[in-house]
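# below is the structure, and that's it, no one-letter string:
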(Lines give C-alpha, C1' and ligand atoms only; values in the text may rest on other atoms or scores of the structure.)
Protein backbone atom coordinates (compact mmCIF):
# COMPACT_ATOMS: atom_id res chain seq x y z
CA UNK A 1 0.00 0.00 0.00
CA UNK A 2 1.12 3.52 -0.77
CA UNK A 3 -0.38 6.45 1.11
CA UNK A 4 -0.30 9.74 -0.77
CA UNK A 5 -0.85 12.54 1.71
CA UNK A 6 -2.23 15.84 0.49
CA UNK A 7 -1.94 19.33 1.92
CA UNK A 8 -4.78 20.00 4.37
CA UNK A 9 -5.89 22.91 2.16
CA UNK A 10 -6.34 20.68 -0.91
CA UNK A 11 -10.01 20.69 -1.95
CA UNK A 12 -11.69 17.28 -1.90
CA UNK A 13 -12.53 17.70 -5.59
CA UNK A 14 -8.80 17.82 -6.43
CA UNK A 15 -8.18 14.70 -4.34
CA UNK A 16 -10.95 12.88 -6.23
CA UNK A 17 -9.62 14.10 -9.60
CA UNK A 18 -6.17 12.85 -8.62
CA UNK A 19 -7.62 9.49 -7.59
CA UNK A 20 -9.36 9.16 -10.97
CA UNK A 21 -6.09 10.03 -12.73
CA UNK A 22 -4.25 7.34 -10.72
CA UNK A 23 -7.02 4.88 -11.59
CA UNK A 24 -6.48 5.66 -15.28
CA UNK A 25 -2.70 5.34 -15.00
CA UNK A 26 -2.67 2.04 -13.10
CA UNK A 27 -5.93 0.46 -14.35
CA UNK A 28 -6.14 -3.25 -13.58
CA UNK A 29 -2.84 -3.16 -11.70
CA UNK A 30 -4.71 -1.58 -8.79
CA UNK A 31 -6.23 -3.76 -6.14
CA UNK A 32 -8.00 -0.76 -4.63
CA UNK A 33 -7.81 3.02 -4.48
CA UNK A 34 -9.27 4.90 -1.52
CA UNK A 35 -9.48 8.71 -1.60
CA UNK A 36 -10.05 10.35 1.77
CA UNK A 37 -10.21 13.95 3.00
CA UNK A 38 -6.44 14.51 2.98
CA UNK A 39 -4.94 11.40 1.38
CA UNK A 40 -5.23 8.69 -1.24
CA UNK A 41 -4.44 5.09 -0.33
CA UNK A 42 -3.22 3.09 -3.33
CA UNK A 43 -3.31 -0.69 -2.98
CA UNK A 44 -1.37 -2.95 -5.32
CA UNK A 45 1.79 -5.02 -5.50
CA UNK A 46 4.02 -2.36 -7.01
CA UNK A 47 7.78 -2.35 -7.27
CA UNK A 48 9.23 1.14 -6.90
CA UNK A 49 10.75 1.27 -10.41
CA UNK A 50 7.42 0.17 -11.92
CA UNK A 51 5.52 2.77 -9.90
CA UNK A 52 7.83 5.58 -10.95
CA UNK A 53 7.80 4.49 -14.59
CA UNK A 54 3.99 4.40 -14.68
CA UNK A 55 3.76 7.84 -13.12
CA UNK A 56 6.24 9.15 -15.69
CA UNK A 57 4.24 7.54 -18.52
CA UNK A 58 6.86 4.92 -19.43
CA UNK A 59 6.24 1.23 -20.10
CA UNK A 60 8.57 -1.41 -18.70
CA UNK A 61 9.12 -4.90 -20.11
CA UNK A 62 6.22 -7.10 -19.13
CA UNK A 63 3.96 -4.12 -18.57
CA UNK A 64 0.43 -4.80 -19.71
CA UNK A 65 -1.96 -2.20 -20.98
CA UNK A 66 -4.89 -1.45 -18.72
CA UNK A 67 -8.23 -2.69 -19.94
CA UNK A 68 -11.26 -0.46 -19.98
CA UNK A 69 -12.94 0.06 -16.65
CA UNK A 70 -16.63 -0.77 -16.66
CA UNK A 71 -18.76 1.97 -15.15
CA UNK A 72 -21.94 0.82 -13.43
CA UNK A 73 -24.49 3.42 -12.40
CA UNK A 74 -26.40 2.66 -9.21
CA UNK A 75 -29.66 4.36 -8.25
CA UNK A 76 -29.48 6.32 -5.01
CA UNK A 77 -32.38 7.37 -2.80
CA UNK A 78 -31.48 10.38 -0.65
CA UNK A 79 -34.96 10.76 0.85
CA UNK A 80 -34.14 8.03 3.41
CA UNK A 81 -30.69 9.52 4.21
CA UNK A 82 -30.96 9.54 7.99
CA UNK A 83 -27.48 11.00 8.38
CA UNK A 84 -27.77 13.88 5.89
CA UNK A 85 -28.81 16.41 8.54
CA UNK A 86 -25.89 15.40 10.78
CA UNK A 87 -23.44 15.61 7.86
CA UNK A 88 -24.82 19.03 6.87
CA UNK A 89 -24.36 20.32 10.42
CA UNK A 90 -20.87 18.85 10.66
CA UNK A 91 -19.64 20.20 7.31
CA UNK A 92 -21.57 23.46 7.14
CA UNK A 93 -22.85 22.40 3.72
CA UNK A 94 -26.45 22.26 2.61
CA UNK A 95 -28.03 18.88 1.97
CA UNK A 96 -28.15 19.69 -1.76
CA UNK A 97 -24.41 20.50 -1.74
CA UNK A 98 -23.67 17.17 -0.03
CA UNK A 99 -25.77 15.29 -2.58
CA UNK A 100 -24.11 17.15 -5.50
CA UNK A 101 -20.66 16.34 -4.12
CA UNK A 102 -21.59 12.68 -3.66
CA UNK A 103 -23.01 12.41 -7.17
CA UNK A 104 -19.84 13.89 -8.74
CA UNK A 105 -17.72 10.98 -7.53
CA UNK A 106 -16.79 7.79 -9.31
CA UNK A 107 -16.38 4.95 -6.84
CA UNK A 108 -14.49 1.65 -7.09
CA UNK A 109 -15.80 -1.62 -5.82
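That came through fine. This one's a predicted model, so the numbers in the text were calculated from it and none came from an experiment.

# point to the helix or strand of the protein where mean pLDDT is at its lowest.
helix 48-55 (a mean of 75; mean pLDDT, DSSP states H and E).

# now the residue nearest the centre of the chain: how far from residue 33?
Note on the chain: the residue nearest the mean C-alpha position is residue 19, at 3.7 Å, using C-alpha atoms, centre = their mean. Residue 19 sits 6 Å away from residue 33, going by C-beta to C-beta, to the nearest Å. Bear in mind the C-beta positions are built from the backbone N, C-alpha and C, glycine included.

# related to what we said a few turns ago, from the chain's centre, how far out does the least confident helix or strand of the chain sit?
Remark: helix 48-55 is offset 19 Å from the chain centroid, using C-alpha atoms, centre = their mean, to the nearest Å.

# how about residue 6, what does it touch?
14-15, 18, 38-40 (C-beta atoms under 8 Å, 6 or more residues apart in numbering).

# read off the pLDDT value for it.
Listed pLDDT for residue 6 reads 87.

# same question, residue 35
Residue 35 is given a pLDDT of 92.

# next one: residue 97
89.

# confirm that residue 4 sits in a strand.
Yes - using DSSP: H, G, I helix; E, B strand; the rest coil, the assignment for residue 4 is a strand.

# wait, isn't it in contact with residue 40?
Yes - using C-beta atoms under 8 Å, residue 4 is in contact with residue 40, at 4.5 Å.

# re earlier: which of the contacts of residue 6 fall within helices?
Among the contacts of residue 6, the members falling in helices (DSSP state H) are 14-15, 18.

# kind regards, and thank you for your time.
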